[in-house]
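Visitor: Can you look at this prediction? I've put the sequence above it.
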Amino acid sequence: MALRRVGFQRIAGIDEAGRGALAGPVVAAAVILPPDFPEDGIDDSKRLSPAQRDTAYDRLMAGATAVGIGVVDNAEIDRINILEATKQAMLQAVSALEPAPEFLLTDAVVLHSPLPLWALIKGDRRALPIAAASIMAKVTRDRLMADYHRHDPRYNFALHKGYATPEHLTLLRAFGLCAIHRRTFRPVCDLHAEASRAPSVLHAE
């Protein structure tokens with residue numbers, strides 16, 4: 001990597017998962033790889049199967065120099081908006097790295113950081129550390145959504161992970177909003193407004 005040739009050794013790739021979902025947190029990962037980390041099986045998480053991502057996750061946990069994870073929940077996403085929440089999760093992930101990085105690589109997101117930063121367009125396909133971070137963020141978030149599913153299986157979060165699939169939208173209309181739905185995202189906010197306008201019904205004893 002060119003950055004190593006100019007003296008940077010601890011280069012952190014940063015990426016997120018869950019930015020476009022209707023429910024659940026946004027999760028970011030920051031990963032520092034050793035110079036000799038093998039590239040096989042490390043790619044943009046969207047181009048890997050769940051089994052391939054799980055295998056790569058285990059390899060990265062075992063062989064990365066450092067891994068940091070940041071999680072921002074749906075309430076904070078609604079409060080500050082998804083872009084700011086994504087940046088917050090990314091900075092959390094960076095701050096969790098030990099040892100600390102010398103340079104940051106992101107997938108097109110510009111962060112306010114004292115460290116030098118390169119925001120690469122399609123970075124998860126161009127830089128190995130960003131691809132590694134995309135895997136760590138995706139697997140971490142998928143496992144969180146599986147946990148939510150175990151607590152409330154009505155919405156089948158284990159399958160669609162909170163994204164706007166036809167099944168999720170059907171279940172959302174059937175059961176209404178749950179605690180992890182993002183109230184500022186459409187169509188969630190539309191359903192929330194409809195529920196707020198609906199007249200209450202008083203049942204006689």
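Guide: Here it is on my side, so go on.
Visitor: The longest helix along the chain - contacts with which helices or strands?
Guide: Counting residues, the longest helix found in the chain (DSSP state H) is helix 128-151. Packed against helix 128-151, as judged by 3 or more Cβ pairs under 8 Å, 6 or more residues apart in numbering; DSSP states H and E, are the following elements: strand 11-17, strand 26-32, helix 50-63, strand 66-72, strand 103-106, helix 123-126, helix 157-160. For glycine as for every other residue, the C-beta is placed from the backbone atoms N, C-alpha and C.
Visitor: Of all those, which one is nearest Ala96?
Guide: In this view, these are compared for proximity to Ala96 by Cβ to Cβ, and strand 66-72 is the closest at 3.3 Å.
Visitor: Quick one: list the elements packing against that closest one.
Guide: In terms of contacts (3+ Cβ pairs under 8 Å, 6+ apart), strand 66-72 is packed against strand 26-32, helix 82-95, helix 128-151.
Visitor: same thing but at 6 Å, please
Guide: Identification of packing neighbours for strand 66-72 by 3 or more Cβ pairs under 6 Å, 6 or more residues apart in numbering; DSSP states H and E yields strand 26-32, helix 82-95.
Visitor: what would the ones you listed look like in TSV with mean neighbour count and mean pLDDT?
Guide: Supplementary listing: the helices and strands packed on strand 66-72 in TSV, determined by neighbours: other Cβ atoms under 10 Å; pLDDT from 0 to 100:
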stretch	mean neighbour count	mean pLDDT
strand 26-32	31	98
helix 82-95	21	98
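Visitor: Tell me the buried residues in the longest helix of the chain?
Guide: Within helix 128-151, the residues that count as buried by 16 or more other Cβ atoms under 10 Å are 128-142, 144-145, 148-149.
Visitor: hey, C-alpha coordinates of that helix in PDB?
Guide: The C-alpha coordinates for helix 128-151 follow below in PDB (Å, rounded to 0.1, in the frame of the first residue of the first chain):
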ATOM      1  CA  LEU A 128      -8.300  -4.000   1.900                       C
ATOM      2  CA  PRO A 129      -8.700  -2.400   5.400                       C
ATOM      3  CA  ILE A 130     -12.000  -0.800   4.400                       C
ATOM      4  CA  ALA A 131     -13.300  -4.200   3.000                       C
ATOM      5  CA  ALA A 132     -12.200  -5.800   6.300                       C
ATOM      6  CA  ALA A 133     -14.100  -3.100   8.200                       C
ATOM      7  CA  SER A 134     -17.200  -3.600   6.000                       C
ATOM      8  CA  ILE A 135     -17.200  -7.300   7.000                       C
ATOM      9  CA  MET A 136     -16.800  -6.700  10.700                       C
ATOM     10  CA  ALA A 137     -19.500  -4.100  10.700                       C
ATOM     11  CA  LYS A 138     -21.900  -6.200   8.700                       C
ATOM     12  CA  VAL A 139     -21.500  -9.400  10.700                       C
ATOM     13  CA  THR A 140     -21.700  -7.500  14.000                       C
ATOM     14  CA  ARG A 141     -24.900  -5.800  13.000                       C
ATOM     15  CA  ASP A 142     -26.400  -9.000  11.600                       C
ATOM     16  CA  ARG A 143     -25.800 -10.700  14.900                       C
ATOM     17  CA  LEU A 144     -27.400  -7.800  16.800                       C
ATOM     18  CA  MET A 145     -30.500  -8.100  14.600                       C
ATOM     19  CA  ALA A 146     -30.600 -11.800  15.300                       C
ATOM     20  CA  ASP A 147     -30.600 -11.000  19.000                       C
ATOM     21  CA  TYR A 148     -33.500  -8.600  18.500                       C
ATOM     22  CA  HIS A 149     -35.400 -11.300  16.600                       C
ATOM     23  CA  ARG A 150     -35.000 -13.700  19.600                       C
ATOM     24  CA  HIS A 151     -36.600 -11.000  21.800                       C
END
